[in-house]
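Participant: Give me coordinates for this.
(3 chains)
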Amino acid sequence: MSRHWLFKSEPDAYSFEQLRIDGTTPWSGVRNYQARNFMMEMKAGDLGLFYHSSIPEPAAVGIVKVARTAYPDFTALERGGEYYDPRSTDAKPIWMMVDVAYVEPLAHPVTLARMREDRRLAAMPLLQRGQRLSVQPIEAHEWKIILALAKKPG
DNA sequence: GCCAACGTTGGC
DNA sequence: GCCAACGTTGGC
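Facilitator: As a prediction, the model looks like this:
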C-alpha cells in the first residue's frame, strides 16, 4: 500500500520551481534519524507534498513522487562539505536519501494557516507545536483533504 | 529579529 | 545514564 509524505524545504535553499527545472533531485542533507527512517520506508511511486518553509506564508505548493528508494546520502561522505559526517563511510553509511521527482503544482498553494484552520488536519505532524521534521508522513485522509483544499483558492 | 521547542553533545 | 548547554529549526 502506498503512503504519502511531506517534504519540507526552504525555497531559498531548494524550491519547487527548481525541482520543476531539475525533474528529479536527491533529497540529500537530512541529518535527523526520524526523517531518515521515514525515507527508508518510502516506496517508488509514493506521492508527496512539497512544502515551502521559513517564508512569510509557509505552504504546500506541489505534488512530488518518490523516484528512487532510499540509498546512501553521498553528501555525508564529502569531506569538507556542509553535510559531511565523519561517522559515515562507504561501507557503513549512516545517512540515506531518496530521489524526489516533480509531478505537478497544486492549483492553489495550501498555506500552513489554511491547514491549521481545518480541524480534520489537526493530527498532522506538521501542525504540532515545536515540530521540526523535514520529512514526515501524511495520512490518506489528510492527503485527500489537502488536495481538495488545493482545488479552490484560500 | 525573537524565541520556543527540539535533537545532540559531552561532562560527570 | 542523567541532564545542562548548545546549535538549529521555523513560525511569527
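Participant: what's residue A:134 in contact with, if anything?
Facilitator: By Cβ atoms under 8 Å, 6 or more residues apart in numbering, the contact set of residue A:134 is A:7-9, A:30, A:32, A:35. Using the backbone N, CA and C atoms, a C-beta is placed for each residue, glycine as well.
Participant: I'd like to know which of those residues is nearest to DNA strand B.
Facilitator: Checking the contacts of residue A:134 against DNA strand B with Cβ to the nearest atom of the strand, the nearest one is residue A:32 at 5.4 Å.
Participant: residues near the closest one, how many?
Facilitator: A count of nearby residues for residue A:32, using other Cβ atoms under 10 Å, gives 13.
Participant: how much space between it and residue A:131?
Facilitator: Distance of residue A:32 to residue A:131, given as Cβ to Cβ, to the nearest Å: 12 Å.
Participant: go on, residue A:15?
Facilitator: Residue A:15 is 22 Å from residue A:131, by Cβ to Cβ.
Participant: More neighbours: which of these two?
Facilitator: The neighbour count for residue A:15 versus residue A:131, taken as other Cβ under 10 Å, is higher for residue A:15 (17 against 10).
Participant: Might one say that the more buried one is in contact with residue A:21?
Facilitator: No: in this structure residue A:15 lies outside contact range of residue A:21 using Cβ atoms under 8 Å: 9.4 Å.
Participant: Before I go, just wanted to say thanks for your time.
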